[in-house]
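Asks: pasting the structure only:
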Ligand code: GDP
């Protein structure tokens with residue numbers, strides 16, 4: 001379950017205030033120290049924690065809170081508001097083109113869940129928007145990636161365009177887009193290559209695909225379980241490709257929650273979806289307010 005540790009620590013910190021009735025400025029400072037440690041332990045980005053604690057403390061020391069009959073409740077509300085803000089406030093929808101097809105390019109490091117997420121998204125578009133997507137297999141470096149996408153495609157009944165591993169990814173995308181135009185697919189989802197780390201060759205290739213395909217959406221998948229590393233990866237990809245959104249995968253296995261709480265502030269880009277399991281239906285829209293309530297337990 002996500003955020004286990006953080007939820008427990010936040011509840012403990014605020015719980016101490018509940019026992020006190022009326023609270024003082026010193027009590028607020030004490031609880032904020034504990035919240036700060038809880039966030040750092042959850043692997044939230046240092047600067048994000050600093051700004052968050054400062055904002056919450058300033059609001060909590062305000063007269064209305066200290067003079068209130070239910071100060072702990074007020075502080076919970078402030079923490080909830082500010083957590084929601086840190087994660088972007090509102091859910092952000094998938095971009096859509098005025099004309100068909102809407103082109104979505106999926107990028108990310110190997111193992112982050114890129115191919116799986118591509119399949120999940122195609123299924124979601126099919127089920128919820130009655131879409132007729134085409135998936136393009138442009139990861140030629142891992143033959144298994146093409147097989148994996150084809151098997152996924154069969155399981156969700158979405159066509160996959162592939163040309164094996166001997167053709168350049170840019171060429172595959174070009175041909176795939178031609179096929180989509182011919183078949184009048186309304187969405188095209190491009191699976192790209194991933195590496196273990198960000199490197200120049202990968203970024204060059206992705207930039208070439210971006211130039212050719214002019215995607216409406218460049219979705220970056222990052223693995224929530226990797227915490228601050230996921231945040232660094234998001235920063236790196238965003239600097240090179242100017243991504244339009246992030247999918248945070250494996251949130252079902254992330255017990256800390258640092259990536260969810262840092263990515264928006266660090267990159268300025270919204271988390272659009274969260275992956276919460278291995279099944280094709282385990283992809284959900286990211287709602288900052290719901291996530292904040294979940295964190296507070
Ligand atoms: P890629 O190399 O980025 O294309 O990664 P894959 O799509 O092959 O995914 C790597 C592994 O992560 C696979 O075993 C997936 O089933 C798993 N995976 C992907 N998304 C999720 C998720 O949201 N939750 C869990 N638990 N596993 C996931």
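Replies: Perfect, thanks for sending it. The model shown is predicted, which means the values in this text are computed figures rather than measured ones.
Asks: The ligand contacts on the stretch 1-150 of the chain?
Replies: For the stretch 1-150 of the chain, the residues in contact with the ligand (C-beta under 6 Å from any ligand atom) are 108, 110-116. Every residue, glycine included, has its C-beta placed from N, CA and C.
Asks: ok, and the most crowded of the residues you listed?
Replies: The residue in those with the most neighbours, by other C-beta atoms under 10 Å, is residue 108 (28 neighbours).
Asks: got the residue ranges for the strands in the stretch 1-150 of the chain?
Replies: For the stretch 1-150 of the chain, the strands defined by DSSP state E, counting those that start in this stretch cover 102-108, 133-137.
Asks: how about the ones you listed, which one is nearest residue 78?
Replies: Smallest distance to residue 78 across those (C-beta to C-beta): 34.5 Å, for strand 102-108.
Asks: Could you give me the buried positions within the lowest-mean-pLDDT helix or strand in the chain?
Replies: Using mean pLDDT, DSSP states H and E, helix 63-66 stands out as the lowest-scoring helix or strand of the chain, at a mean of 81. Under the neighbour-count criterion of 16 or more other C-beta atoms under 10 Å, helix 63-66 has 65-66 buried.
Asks: Same check on stretch 31-46?
Replies: 31-32, 35-36, 38-39, 42-45.
Asks: Now intersect the residues you listed with the helices, please.
Replies: Secondary structure from DSSP state H places 31-32, 35-36, 38-39 of those in helices.
Asks: Include pLDDT and distance to residue 99 when you put those into TSV, please.
Replies: Formatted as TSV, these follow (pLDDT from 0 to 100; distance: C-beta to C-beta, whole Å):
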residue	pLDDT	distance to residue 99
31	94	53
32	95	51
35	95	48
36	96	49
38	94	48
39	95	44
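Asks: May I ask which two of those residues are separated the most?
Replies: Maximum pairwise distance among these (C-beta to C-beta): 12.6 Å, between 31 and 39.
Asks: And the helices in the stretch 51-200 of the chain?
Replies: 63-66, 71-86, 114-129, 143-156, 169-183, 200-213 (DSSP state H, counting those that start in this stretch).
Asks: Please name every helix or strand in contact with the last one.
Replies: Based on contacts counted as 3 or more C-beta pairs under 8 Å, 6 or more residues apart in numbering; DSSP states H and E, the elements that helix 200-213 packs against are strand 102-108, helix 169-183, strand 187-191, helix 228-241.
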